[in-house]
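> Return a 3D structure for these sequence lines:
(2 chains)
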Amino acid sequence: MTEPSVFVKPGKELSLSGSALIQLIQETLHRGAALKFQALGYSMSPFIRDGDVITISPLSDKPIRRGDVVALLSPARKKLIVHRVVYRNRQGDLYTAGDNLPQPDIAVSEKDILGRVTGVQRNGKNITVGLGAERLFIAVLTRHGLIYSLILPIMRHLRTFLRRPSRG
Amino acid sequence: MKSKISLNSVYAPSDDIVAREIEGEIIIVPITAGIGDMEDELFTLNETGRAIWQLLDGKTAVKDVVKKLTAEFEAPPDEIEKDVIGFVTELRKRKILVEAPDD
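This next block holds a predicted model:
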């Protein structure tokens, strides 16, 4: 028998598969605790960017509302996604969407929702835009794909314009 | 915290951690102020550590953990006892393990 050992690893060095992360999220939330981890991907830009550290908290008694950013298992691929709730139909099904995607995801039920995003950090700083009262307005834009088709292209043009060296 | 591990004591995972066997590895995430931080330091156990961990269930005394491992591994009981006590001490030091209350 080899000697038992405990290894300390920086979380960033642990490359967990999607399903592994889902298991940890479920276990942590089930215990009533929140979990902080790095978000990957661009579907929630500009509010959550690739590499941002997000905090997922248990749902508790607060109902899920339009505009909330939630972590859920996509029914089709059993993949973890973090998207915004943009609509609830009369049957109670929820429609989520990535802020930077052209159209909403397929409907899910509340039981597919793992938790709610309650914090976003970027380069060590807390980012609150996208999680406050403005989230309702953002949900409307996201539902119609306006961030993807309108807002982000305008922001990209503005950035290019502002970066251009002035003549004369 | 008692410094010496008693063979009659029973230990269990702390409420301040989340531990999960994932892809053959035990991953332990400390919970601080209600948040498990995957960006911070996490703990993993080697294969022997995993075998001991799975027996530290809040019901099995250290001496019985040693007995079960002696049956499973081909090693002298006193060596296994030394390894188990060392391992439990390490986990207690890191606040991953706590002594279970007497029933």
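> Tell me who's in contact with residue B:42.
A:8-11, A:14, B:27-30 (C-beta atoms under 8 Å, 6 or more residues apart in numbering or on different chains). The C-beta positions use only the backbone N, C-alpha and C, and glycine is treated the same way.
> Report the next helix or strand after the longest helix along chain B in sequence order.
Counting residues, the longest helix found in chain B (DSSP state H) is helix B:77-93. Tracing the chain C-terminally past helix B:77-93 and defining elements by DSSP states H and E, one meets strand B:97-99 next.
> Say whether chain A is contacted by that following strand.
No - counting by C-beta under 8 Å from any C-beta of the partner chain, chain A is not contacted by strand B:97-99; separation bottoms out at 10.2 Å.
> Let me see the mean pLDDT of that strand.
Mean pLDDT, strand B:97-99: 94.
> And stretch B:32-44, by the same measure?
Here stretch B:32-44 scores 90 as its mean pLDDT.
> how about it: buried residues?
Neighbour-count burial for stretch B:32-44, with 16 or more other C-beta atoms under 10 Å in any protein chain shown as criterion, is recorded at B:35-38, B:42-44.
> Can you give me the end-to-end span of that stretch?
Distances were taken as C-alpha to C-alpha, to the nearest Å; on that basis the terminal residues of stretch B:32-44 are 18 Å apart.
> now swap in stretch A:120-139 and tell me
Using C-alpha to C-alpha, the end-to-end distance of stretch A:120-139 comes to 17 Å.
> What of stretch A:96-106?
8 Å.
> Rounded mean pLDDT for that stretch, please.
Within the predicted structure, the mean pLDDT of stretch A:96-106 is 93.
> who touches that stretch?
Where contact means C-beta under 8 Å, 6+ apart, the residues beyond stretch A:96-106 that reach it are A:42-48, A:70, A:72, A:74-76, A:81, A:83-87, A:95, A:108, A:130, A:138, A:141-143, A:145, A:147-149, A:152.
> how about the strands of chain A, start to end?
Using DSSP state E, the strands found in chain A span residues A:6-10, A:34-38, A:53-57, A:69-73, A:80-88, A:94-97, A:113-122, A:125-127.
> What's the mean pLDDT across the last one?
When pLDDT is averaged along strand A:125-127, the result is 95.
> Is chain A within reach of the helix or strand encompassing residue B:71?
In this structure, residue B:71 is located in helix B:62-72 according to DSSP H and E. Yes - applying C-beta under 8 Å from any C-beta, one finds helix B:62-72 in contact with chain A at residue B:69.
> And what about residue B:39, helix, strand or coil?
Following DSSP: H, G, I helix; E, B strand; the rest coil, we place residue B:39 in the coil state.
> Next: the one 4 residues further on.
At residue B:43, secondary structure determined by three-state DSSP is strand.
> mind listing what it touches?
If a contact means C-beta under 8 Å, 6+ apart, then residue B:43 has A:6-9, B:27-28, B:30, B:94, B:96 as its contacts.
> go on, residue A:75?
Under the criterion of C-beta under 8 Å, 6+ apart, the contact partners of residue A:75 comprise A:106, A:108, A:112.
> Residue 63 - how many residues pack around it?
In the absence of a named chain, this looks at chain A. Burial of residue A:63, expressed as a neighbour count using other C-beta atoms under 10 Å in any protein chain shown, amounts to 9.
> Hmm, no, I was thinking of chain B.
13.
> Just give the nearest non-adjacent residue to it, would you?
Excluding its sequence neighbours, the residue lying closest to residue B:63 (C-beta to C-beta, 6 or more residues apart in numbering or on different chains) is residue B:7, at 4.0 Å.
> does that neighbour sit in a helix or strand, and which one?
Secondary structure assignment for residue B:7, by DSSP H and E: no helix or strand.
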